[in-house]
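J.: Model the structure of this input:
(one chain, ligands or ions: 1)
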Amino acid sequence: MTEIKVEIKPQDNDYKIFIGYNILTEIRKFIDKYFSKKRIVLLCDSNIKKIYKDIITGDLEISKNNIFVFPKGESSKSTKMKEKIETDFLNHEVDRNSLLLTFGGGVTGDLGGFIAATYYRGIPFIQIPTSLLAMVDSSIGGKVAVNHNMGKNLIGAFYQPKAVFIDTKTLETLPQKEYINGFSEIIKTALIRDKKYFIFLKENLELILKRDINIVQKMIKRSCEIKAEVVSLDEKEGGLRKILNYGHTIGHAIEKLSNYKIHHGFAVSIGMNIENRIAESQGLISSMERKEIEEFIIRSGLPVKIPKNIQPDDIIKKLKYDKKSVSGIPRFSILKGIGNCLFDIEVDKTVIKSSLNNQIL
Ligand code: GLY
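T.: Residues are numbered from 1 along each chain as shown. As a prediction, the model looks like this:
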């Protein structure tokens with residue numbers, strides 16, 4: 001089992017990301033060592049409950065009255081669902097002496113983490129991500145949130161987990177489309193921070209898509225290291241952490257406008273392509289680099305163009321609700337070469353518009 005430390009100040013908020021194959025039994029050992037006096041409750045969606053019910057009651061030793069289930073899908077990431085689960089917790093006398101396990105994909109981690117952040121003014125939680133996207137991105141770094149009608153992740157908190165357990169065996173039940181969805185965030189981590197890693201991804205794409213376990217473990221480890229490093233340097237996104245939003249300014253707007261029919265990673269890959277066009281027009285990346293990235297994204301099975309039913313003007317309108325916007329003016333995190341990313345970049349509306357207009361399917 002590999003361990004990566006996420007350093008959060010004050011120091012006693014540090015935690016570890018554990019990565020390995022078939023490590024769910026280690027979670028119980030960890031709980032028995034550090035949280036033996038707590039009541040352990042688990043939150044998961046209906047799909048995970050169906051697939052993992054024996055593991056939840058077996059390896060994780062969670063009793064039936066401590067398992068809380070919500071309907072799968074992005075629409076559950078809402079204040080309404082948060083309140084419903086909190087009411088369930090209260091009805092089942094989940095108290096402040098409880099530890100919450102969030103077992104599932106990004107929706108579960110974000111929703112459950114936000115419940116943990118506010119329930120009885122905060123109870124500890126452990127992330128057990130089962131999707132590639134949650135493993136390399138949303139389970140690490142303490143961003144927990146629900147969506148608002150006006151935009152994605154607008155209501156939330158920074159609330160760090162006590163540990164993250166990444167069991168790569170759980171990827172075996174992940175549909176290929178969801179796997180590729182997560183791969184988009186992996187491409188992002190390489191592009192913003194590590195050119196050599198981008199080359200590694202390019203050279204090993206076939207094995208990655210076939211889910212060769214050795215390559216997959218290496219890839220997850222490197223992406224987690226990058227995320228942990230960035231979060232350790234800037235937990236609350238005062239500056240550097242904004243680079244993790246590369247591709248997301250445009251991506252979130254597309255995701256929201258599609259009513260979440262376009263999944264996060266797919267919207268982000270379109271976002272990366274559009275934002276690379278903006279970077280090219282500002283002289284920050286060469287046309288060769290932009291094309292190299294675009295070709296790689298396409299080879300991975302991810303989209304680069306905006307679907308016809310989404311209008312560039314609507315994307316521009318949505319940008320003012322992006323969390324990085326200042327007084328309604330969007331700020332971009334854009335590449336300066338492969339492996340390096342700038343943040344807080346204001347871009348002229350005409351540049352955004354022409355980059356969008358050229359990229360409709
Ligand atoms: N997913 C972006 C971040 O954690 O900052």
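J.: residues in contact with Ser355?
T.: 274-275, 277-278, 281 (CB atoms under 8 Å, 6 or more residues apart in numbering). For every residue, glycine as well, the C-beta is placed using N, CA and C.
J.: Kindly recompute the last result at 6 Å.
T.: 274, 277-278 (CB atoms under 6 Å, 6 or more residues apart in numbering).
J.: For it, which non-adjacent residue is closest in space?
T.: With sequence-adjacent residues excluded and distances taken as CB to CB, 6 or more residues apart in numbering, Ser355 is closest to Arg277, at 4.0 Å.
J.: Would you mind measuring from Gln127 to the ligand?
T.: 12 Å (CB to the nearest ligand atom, to the nearest Å).
J.: ok, now Ser98?
T.: From Ser98 to the ligand the distance is 25 Å (CB to the nearest ligand atom).
J.: which ones are touching that residue?
T.: So Ser98 contacts 38-39, 41, 123 (CB under 6 Å, 6+ apart).
J.: at 10 Å instead, please
T.: 35, 38-41, 66, 89, 116, 119-120, 123-125 (CB atoms under 10 Å, 6 or more residues apart in numbering).
J.: one step back: wait, isn't the residue nearest to Ser355 in contact with Asn358?
T.: Yes: between Arg277 and Asn358 there is a contact at 6.9 Å, judged by CB atoms under 10 Å.
J.: of these two, who's got more company?
T.: Arg277 (24 against 12; other CB atoms under 10 Å).
J.: For that one, identify the helix or strand it belongs to.
T.: helix 264-281 (DSSP states H and E).
J.: In PDB, list the C-alpha atoms belonging to that helix.
T.: Extracted C-alpha coordinates of helix 264-281, given in PDB (Å, rounded to 0.1, in the frame of the first residue of the first chain):
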ATOM      1  CA  HIS A 264     -17.700  16.500 -15.400                       C
ATOM      2  CA  GLY A 265     -14.600  15.100 -17.100                       C
ATOM      3  CA  PHE A 266     -16.100  15.400 -20.500                       C
ATOM      4  CA  ALA A 267     -17.100  19.000 -19.900                       C
ATOM      5  CA  VAL A 268     -13.600  19.600 -18.600                       C
ATOM      6  CA  SER A 269     -11.900  18.100 -21.600                       C
ATOM      7  CA  ILE A 270     -13.900  20.500 -23.800                       C
ATOM      8  CA  GLY A 271     -13.000  23.300 -21.400                       C
ATOM      9  CA  MET A 272      -9.300  22.400 -21.600                       C
ATOM     10  CA  ASN A 273      -9.400  22.600 -25.400                       C
ATOM     11  CA  ILE A 274     -11.200  26.000 -25.400                       C
ATOM     12  CA  GLU A 275      -9.000  27.400 -22.700                       C
ATOM     13  CA  ASN A 276      -5.900  26.200 -24.700                       C
ATOM     14  CA  ARG A 277      -7.200  28.200 -27.600                       C
ATOM     15  CA  ILE A 278      -7.400  31.200 -25.400                       C
ATOM     16  CA  ALA A 279      -3.800  30.500 -24.200                       C
ATOM     17  CA  GLU A 280      -2.700  30.200 -27.800                       C
ATOM     18  CA  SER A 281      -4.300  33.500 -28.700                       C
END
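J.: Run the chain-centre distance for that helix.
T.: Mean-position distance between helix 264-281 and its chain equals 17 Å (CA atoms, centre = their mean, to the nearest Å).
J.: Okay, and which of the contacts of Ser98 map to strands?
T.: Here DSSP state E is the test, and the contacts of Ser98 give 39-41, 125 as lying in strands.
J.: With neighbour count added, can I get the residues you listed in TSV?
T.: Shown next, in TSV, are the ones in strands among the contacts of Ser98 (neighbours: other CB atoms under 10 Å):
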residue	neighbour count
Arg39	17
Ile40	20
Val41	23
Phe125	27
